[in-house]
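Peer 1: Got a sequence here, can you model it:
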Amino acid sequence: MKHSSKLLIAVAVLAACSVQPPPPNFYDPAGLALDHPPGDVLRSQPFPGAPDGATATRLLYTSTAPDGTPIVVSGFVVVPSAAAPAGGRPVVAWLHPATGVARGCAPSLGPSAFAQIQGLAAFLSAGYAVVATDYPGLGGPGAHPFLVGGSEARAALDSVRAVQHLPAVDASRRFVVWGHSQGGHAALFTAQLAARYAPELQLVGAATAAPATNVAAIVEQPGDSPLWGALLSYTVWSWTRVFGLDASAIVAPATAPKIARTAEDCLESAEQLTRLRADAAPLQGQPVDPSGRWQDLLTENDPQPWAIHVPVFIAQGTVDSVIPPALTQSFARRLCAANVPVRLLTMPGVDHYTIGMRSAGAAAAWIGERFSGIAAPDDCKGGLPKS
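Peer 2: Next up is the predicted model:
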């Protein structure tokens with residue numbers, strides 16, 4: 001089956017579950033005081049459409065922008081209806097893959113808010129609370145910092161802080177992060193920042209599926225990825241706004257209209273995917289030559305193994321054309337060199353679009369062991385593959 005057909009099927013599966021749209025003013029922070037500690041809940045409301053045996057709440061909470069100013073971030077939390085265990089519910093922070101950079105591309109606004117969370121049924125069955133941030137600029141106002149690791153991490157950590165303020169959640173301070181693609185990138189950066197940014201929380205592991213670990217290589221080398229033009233557009237659109245960069249220092253000025261058009265598209269349904277691929281097609285294979293601050297930021301937004309001090313789970317498909325397996329294997333070897341316990345699950349014949357679904361069971365089992373205090377498996381001891 002061709003990559004495009006698999007991607008359409010994966011997106012169509014997620015789109016099959018719909019939720020009601022939120023009130024139009026929920027995400028608008030106008031009139032709200034933002035002088036709150038990061039992670040304070042500014043608004044909450046019931047979120048209809050949760051799985052059977054669970055309830056969900058939509059959140060608007062405080063976080064921190066890349067320049068240090070306070071911002072609002074949206075998201076939601078899903079909680080089992082059964083009573084919480086003594087000590088509170090362990091928390092899984094789900095970090096979503098790319099859905100777009102436009103404000104309306106927030107997963108909590110999309111057609112598959114609950115279906116997008118790979119492994120949700122297993123987490124709820126185990127009694128965990130699952131919190132899903134939209135990231136800054138998706139749902140809430142402002143430019144979305146796409147693949148800006150520190151921003152993703154702060155939004156994730158503040159989402160875990162936010163559920164501590166909801167009595168009905170009865171959340172423990174112990175948590176794991178679990179993310180696919182952009183969400184894997186976010187999970188690794190969360191592992192880097194957790195002890196410094198949110199020392200009152202206890203991160204016990206970071207689980208990822210096809211994480212973005214070498215942003216420069218992903219942006220600069222299109223390979224045969226059908227979504228490379230879209231990822232380039234999202235990155236350029238985002239970083240010119242978040243960091244004030246000049247787009248002409250990475251791509252030809254003639255691409256500006258194509259980038260702007262593609263950046264308006266979301267990636268949450270089959271219909272959106274069709275439009276996104278059509279708009280991004282003229283960008284496929286465009287020369288990318290980052291210089292100056294662009295190059296510095298591409299390096300800064302690569303996760304750093306030496307800064308991670310919790311066990312890491314990584315799932316990677318062997319036919320992934322978006323995140324090349326060689327990049328993931330290289331990062332896993334660097335984690336091993338930094339003495340981080342690694343579980344590397346290589347899935348033959350699995351592509352980028354289905355790796356989250358296909359690895360969710362293994363990820364959930366690994367997460368359960370982290371919450372149970374079982375020693376983390378370490379594939380580094382057996383020697384990871386070199387290619």
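Peer 1: got the end-to-end distance for stretch 114-132?
Peer 2: Start and end residues of stretch 114-132 are separated by 9 Å (Cα to Cα, to the nearest Å).
Peer 1: and that stretch, average pLDDT?
Peer 2: Stretch 114-132 shows a mean pLDDT of 97.
Peer 1: So which residues of the protein form helices?
Peer 2: Under the criterion DSSP state H, helices of the chain are mapped to 3-15, 120-125, 149-164, 182-197, 215-220, 228-242, 256-262, 270-280, 293-300, 325-337, 355-372.
Peer 1: Ok, which of the ones you listed comes nearest Ala54?
Peer 2: helix 120-125 (5.2 Å; Cβ to Cβ). (Each C-beta comes from the backbone N, C-alpha and C, glycine too.)
Peer 1: who does that closest one touch, helix- and strand-wise?
Peer 2: Contacts defined by 3 or more Cβ pairs under 8 Å, 6 or more residues apart in numbering; DSSP states H and E place helix 120-125 against strand 70-80, strand 129-133, helix 355-372.
Peer 1: Need the winner for burial among these.
Peer 2: Mean neighbour count (mean count of other Cβ atoms under 10 Å) peaks for strand 129-133 among these, with a mean of 28.
Peer 1: For that strand, which strands pair with it and how are they oriented?
Peer 2: With DSSP bridges as the test, strand 129-133 is paired with strand 70-80 (antiparallel), strand 89-95 (parallel).
Peer 1: With mean pLDDT and distance to Gly149 added, can I get these in a markdown table?
Peer 2: Putting the strands paired with strand 129-133 into a markdown table (pLDDT from 0 to 100; distance: least, Cβ to Cβ, whole Å) gives the following:
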| stretch | mean pLDDT | distance to Gly149 |
| --- | --- | --- |
| strand 70-80 | 97 | 15 |
| strand 89-95 | 98 | 11 |
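Peer 1: Looking at those, which is nearest to Ala195?
Peer 2: That would be, of the strands paired with strand 129-133 and by Cβ to Cβ, strand 89-95, which comes in at 15.3 Å.
Peer 1: What lies in contact with that closest one?
Peer 2: Strand 89-95 has contacts (Cβ atoms under 8 Å, 6 or more residues apart in numbering) with 79-80, 117-118, 120, 123, 127-133, 152, 156-157, 159-160, 163, 169-172, 174-180, 182-184, 186-187, 190, 367, 371.
Peer 1: check contacts around Arg58.
Peer 2: By Cβ under 8 Å, 6+ apart, the contact list for Arg58 reads 22, 26, 44-47, 74-76, 108.
Peer 1: Roughly how far does it sit from Gly179?
Peer 2: According to Cβ to Cβ, to the nearest Å, Arg58 stands 20 Å off from Gly179.
Peer 1: just Ala121 next, same as before
Peer 2: Ala121 sits at a distance of 18 Å from Gly179 (criterion: Cβ to Cβ).
Peer 1: ok so, going back, list only those of the contacts of strand 89-95 flagged as buried.
Peer 2: 79-80, 117-118, 120, 123, 128-133, 152, 156-157, 159-160, 163, 169-172, 174-180, 182-184, 186-187, 190, 367, 371 (16 or more other Cβ atoms under 10 Å).
Peer 1: From Val41, how far off is Asp289?
Peer 2: From Asp289 to Val41 the distance is 44 Å (Cβ to Cβ).
Peer 1: Repeat that for Gly229.
Peer 2: Distance from Gly229 to Val41, by Cβ to Cβ: 38 Å.
Peer 1: And Asn214, by the same measure?
Peer 2: For Asn214, the distance to Val41 (Cβ to Cβ) stands at 36 Å.
Peer 1: cool, and Pro324?
Peer 2: Distance, Pro324 to Val41, by Cβ to Cβ: 40 Å.
Peer 1: And these two? Which one has more around it.
Peer 2: The residue with more neighbours, out of Pro324 and Val41, is Pro324; 20 against 17, by other Cβ atoms under 10 Å.
Peer 1: Distance check, the more buried one against Trp178.
Peer 2: Between Pro324 and Trp178 the computed distance is 22 Å (Cβ to Cβ).
Peer 1: can you check Leu42 too?
Peer 2: The gap separating Leu42 from Trp178 is 25 Å, by Cβ to Cβ.
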